[in-house]
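In: Sequence and computational prediction follow.
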Number of protein chains: 2
Amino acid sequence: MLVPEAQQIYLGNELHIARALSWVENRHPESEKLLKELQGESKVIGITGPPGAGKSTLVNALVSELNELNHRVAILAVDPSSAFNFGSLLGDRLRMQNLFMEEHVFIRSVSSRGSLGGLSAHIIEMVEVLKHAPFDYIIVETVGVGQSEVEIAGIADTTVVVTVPESGDEIQALKSGIMEIADVFVVNKSDREGSDAFVTALKRASHMKNREHETPVLKTIASENKGIKDLISSMEVHLKSSRYNQRRPIILAEKVYSILQESRMKDIHLKDIQTAVEKELNHSQDINLFRFAEKFNP
Amino acid sequence: MLVPEAQQIYLGNELHIARALSWVENRHPESEKLLKELQGESKVIGITGPPGAGKSTLVNALVSELNELNHRVAILAVDPSSAFNFGSLLGDRLRMQNLFMEEHVFIRSVSSRGSLGGLSAHIIEMVEVLKHAPFDYIIVETVGVGQSEVEIAGIADTTVVVTVPESGDEIQALKSGIMEIADVFVVNKSDREGSDAFVTALKRASHMKNREHETPVLKTIASENKGIKDLISSMEVHLKSSRYNQRRPIILAEKVYSILQESRMKDIHLKDIQTAVEKELNHSQDINLFRFAEKFNP
């Protein structure tokens, strides 16, 4: 039964793809066997950046352009649920609705769940399902909030960091955060004032971080489909570079690590630990965490 | 031999404290037994915020004030090593040197190592060592870069988010990031222009996030020791609040989870996985990650 399931995904049956994604997302017992059948070469494009940078519009324009080049595309839109589950930011999603109309686009939204376990295992798994299907590119889009922007670099073959022309302070903030993960920088809304100065500052800051490698900085106006062809070329250049070939085993190793972590921790639920802690706090205000942890080992 | 070691820490022997921290940091075999002897009630104050907000100056002022109130303080300064180890930002540390001169201050710098495993287990462990020693407060300071600011909320009893008066755009960025983790907001350098407007905007943004709870927003000028007494009061109020009592079991549970994760993953090294991946890529360009992962299970 499973081999046919994997084959339906391989053939691009969207109902089966959607079902497999739900299996994985909800930890359905069938998913474990299915995951071992998956194999695929499609490239994963990570798109991240601060709220308001126009990521959704850019993804929209990028997909249209890729479609025109006869590439099939799947989008996995990761909605950040904050560390404390104050809810997810779904606003941007609405603007992407017109993508559903396109022929060669498959789109799926997924919560990032603020996982405690580094790279979110369920997102890695969902990407692997999509790679098995006949898409040429899988676009994983995250809103850059803390962890998620770092995580995307662990999942994507090419990471595109989207920014907008801002003040020098913004560059300062960028420097210490998502600077390192960018394979391509996009300055979107580049018809804004100060755009050239921002591009220059960004190039300089990027050069300061790494003098051996020049990260491309591209100008786009996503709402007018401007600069999208250059973005695709830059992605393609990166995916053929020796830099990518050197980095690929690290990306794969980090995914394998996360998969192992997920499988070794699957019998432990944070909620159960919390209940046990609450009970313990009735007896004593001090808990030795290391002795306490042992209770949860078989 | 171990009980005396734990006792020396308990008595405040700084050489033993320093050695125990190194054991833990370097995964010395003795550390496992020692960790099970630790118990302590001291409160952990997390201090985070963007680069340039004046965190080190604030910590400096805070420690002086706590000392005057006869509180003993330890500082664990977490230096972010970026996800790809492009080096750590040690600049700020230099400004804190005068703290070494103070009598009741113990200071230690530690790398955050860009761990793949959620909360950095070695930082949790180092905090537990310090809690066993006779410090009243443990201050854990991180430079807010992605993951580390979220992590600190998992380690600290009270999380202080330090900001400086900035434009409205900055509030926008704050909103989606570290807004939720703050138990106390500090607007430092509050003699800057636009400070009152910033405080008002911050209060409004914070209120939007959570209408049931008013997160205090305090103004400080750390370089002139202004506002520090109020900060200490706010921390103390939070630590006595029902809000904290409700949150404490979650904080402890997350630490226990991280400890379990660390112990279950300790036989697996990312480097070994990477080597195996590199070998595998010589034979085939596609790797089924889930079958491949099984090789690393005993």
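Out: On my side now, so go ahead. Residues are numbered from 1 along each chain as shown, chains lettered A, B, ... in the order given.
In: SS state for A:Ile45?
Out: Following DSSP: H, G, I helix; E, B strand; the rest coil, A:Ile45 is assigned to strand.
In: ok, the nearest residue to it once chain neighbours are set aside - contacts?
Out: Computed as Cβ to Cβ, 6 or more residues apart in numbering or on different chains, the closest residue to A:Ile45 that is not its neighbour in sequence is A:Ile139, at 4.9 Å. Every C-beta, even on glycine, is put in place using the N, C-alpha and C of the backbone. Residues near A:Ile139 by Cβ atoms under 8 Å, 6 or more residues apart in numbering or on different chains: A:44-45, A:47, A:59, A:62-63, A:73-76.
In: where's A:Ile139, which helix or strand?
Out: strand A:137-142 (DSSP states H and E).
In: So what are the sheet partners of that strand and their directions?
Out: With DSSP bridges as the test, strand A:137-142 is paired with strand A:43-48 (parallel), strand A:73-79 (parallel).
In: Would you tell me which helix is longest in chain A?
Out: As assigned by DSSP state H, the longest helix anywhere in chain A is helix A:242-264.
In: in the following helix or strand past it, what's buried?
Out: The helix or strand immediately downstream of helix A:242-264 is helix A:270-283, counting by DSSP H and E. Under the neighbour-count criterion of 16 or more other Cβ atoms under 10 Å in any protein chain shown, helix A:270-283 has A:273-274, A:276-277, A:280 buried.
In: number of nearby residues for A:Gln285?
Out: 10 (other Cβ atoms under 10 Å in any protein chain shown).
In: Which residue ranges of chain A form helices?
Out: A:2-11, A:14-25, A:29-35, A:55-68, A:91-94, A:121-132, A:147-155, A:168-176, A:195-209, A:228-239, A:242-264, A:270-283, A:289-294.
In: Include pLDDT and neighbour count when you put the contacts of A:Ile139 into a markdown table, please.
Out: Shown next, in a markdown table, are the contacts of A:Ile139 (pLDDT from 0 to 100; neighbours: other Cβ atoms under 10 Å in any protein chain shown):
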| residue | pLDDT | neighbour count |
| --- | --- | --- |
| A:Val44 | 96 | 22 |
| A:Ile45 | 97 | 28 |
| A:Ile47 | 93 | 26 |
| A:Val59 | 93 | 26 |
| A:Leu62 | 95 | 26 |
| A:Val63 | 92 | 23 |
| A:Val73 | 94 | 25 |
| A:Ala74 | 94 | 28 |
| A:Ile75 | 92 | 25 |
| A:Leu76 | 91 | 23 |
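In: Going by distance to chain B, which of the residues you listed wins?
Out: Set against chain B, the nearest of the contacts of A:Ile139 by Cβ to the nearest Cβ is A:Val44 (12.5 Å).
In: wouldn't the closest one be in contact with A:Thr159 here?
Out: No. Applying Cβ atoms under 8 Å, one finds A:Val44 not in contact with A:Thr159, separated by 9.4 Å.
In: circling back to that earlier point, among the helices of chain A, which gets the worst mean confidence?
Out: Sorting these by mean pLDDT places helix A:91-94 lowest, at a mean of 37.
In: tell me, how many neighbours does A:Gly194 end up with?
Out: 12.
In: Could you do A:Leu11 as well?
Out: With other Cβ under 10 Å as criterion, A:Leu11 counts 11.
In: How much space separates it from A:Pro4?
Out: 10 Å (Cβ to Cβ, to the nearest Å).
In: cool, and A:Glu68?
Out: Taking Cβ to Cβ, one finds A:Glu68 at 33 Å from A:Pro4.
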